[in-house]
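**Student:** Sequence plus the predicted model coming up.
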Amino acid sequence: MKTDELLNQILPILHSAKNDEEKLQQILDFLLEEIYEEPDDETVIPEKYRELVRKAAQSIDCGMVCFINPDTLEMEDVPANMINDPYEYRMLTGTDEDDLNLEHNNWDNCITVDPPESRESFRIMKKFANQLENKKLQKQLVNALEKRSPFANFKNVIDEPEYREQWFAFKQKQLEEYVWQNIEFEILPES
């Protein structure tokens, strides 16, 4: 069968699940696990955007939602829980979005970069473990990720200073790629 014919059979299946979040999640999980392959080439972030991307990656790592003005390259970050549950945030902090005088509400164009979901964070941890040359540590991390509470287990194993620094550098690079993938097509001029 030709690729066009195969695609014509696949698309109606995807379309039939468009309103079922659970089925869509199963499809996505399957595609990521069984089909999708990480590109071999390294993501290249143009010099003009590197500092913005670095700062945005640090912010989302802290649980912030980043708002980026593609016209001026300004960035504003807001705690994700303020956006996801403003009532609870107001009850905990005594402040809400109106108190902060947020600039992104006045921008003509705005790109939103949310912190990665837990499955994306899990993928980054797994990718880190798989690329390690230290096979003993690699095995410990893979085992930690396969047990209950994988995030806590991973943190406990990676707690040695030498490996912790490697992990933080790796995670920062992955988050920068994540940010760039989220903003690249909206921020670069059309060619």
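**Tutor:** That came through, no problem. Residues are numbered from 1 along each chain as shown.

**Student:** The host helix or strand of L175 - contacts with which helices or strands?
**Tutor:** Counting by DSSP states H and E, the element that carries L175 is helix 161-187. With contacts taken as 3 or more Cβ pairs under 8 Å, 6 or more residues apart in numbering; DSSP states H and E, helix 161-187 sits against helix 47-61, strand 64-68, strand 111-113, helix 118-131. Heads up, the C-betas are built off the backbone N, CA and C, glycines and all.

**Student:** In contact with the closest residue to M75 other than its chain neighbours: list those residues for me.
**Tutor:** Distances taken as Cβ to Cβ, 6 or more residues apart in numbering place I68 nearest to M75, at 5.2 Å, with adjacent residues excluded. Applying Cβ atoms under 8 Å, 6 or more residues apart in numbering to I68 gives the contacts 52, 56, 74-75, 110-113, 183, 187.

**Student:** Kindly recompute the last result at 6 Å.
**Tutor:** Residues counted as contacts of I68 (Cβ atoms under 6 Å, 6 or more residues apart in numbering) are 75, 111, 183.

**Student:** and what of I187?
**Tutor:** Contacts of I187 by Cβ under 6 Å, 6+ apart are P70.

**Student:** mind checking how far it is from A56?
**Tutor:** Per Cβ to Cβ, to the nearest Å, I187 is found 11 Å from A56.

**Student:** quick revisit: mind checking which of the helices and strands packed on helix 161-187 is nearest Q140?
**Tutor:** Proximity to Q140 (Cβ to Cβ) singles out helix 118-131 among these, at 8.6 Å.

**Student:** hang on, E76 in a strand?
**Tutor:** Yes. Assessed by DSSP: H, G, I helix; E, B strand; the rest coil, E76 belongs to a strand.

**Student:** What's the local residue count around it?
**Tutor:** Neighbourhood size, E76 [other Cβ atoms under 10 Å]: 18.

**Student:** Pairing partners for it in the sheet, please.
**Tutor:** F67 (DSSP bridges).

**Student:** Now do the same for the nearest residue to E186 once chain neighbours are set aside: its pLDDT.
**Tutor:** Sequence neighbours aside, I111 is the residue nearest to E186 in space, at 5.1 Å (criterion: Cβ to Cβ, 6+ apart). pLDDT recorded at I111 is 94.

**Student:** I111 and K173, how far apart?
**Tutor:** The gap separating I111 from K173 is 21 Å, by Cβ to Cβ.

**Student:** Of the two, give the one with the bigger neighbour count.
**Tutor:** In this view I111 and K173 are compared by other Cβ under 10 Å, and I111 has more residues nearby, 20 against 15.
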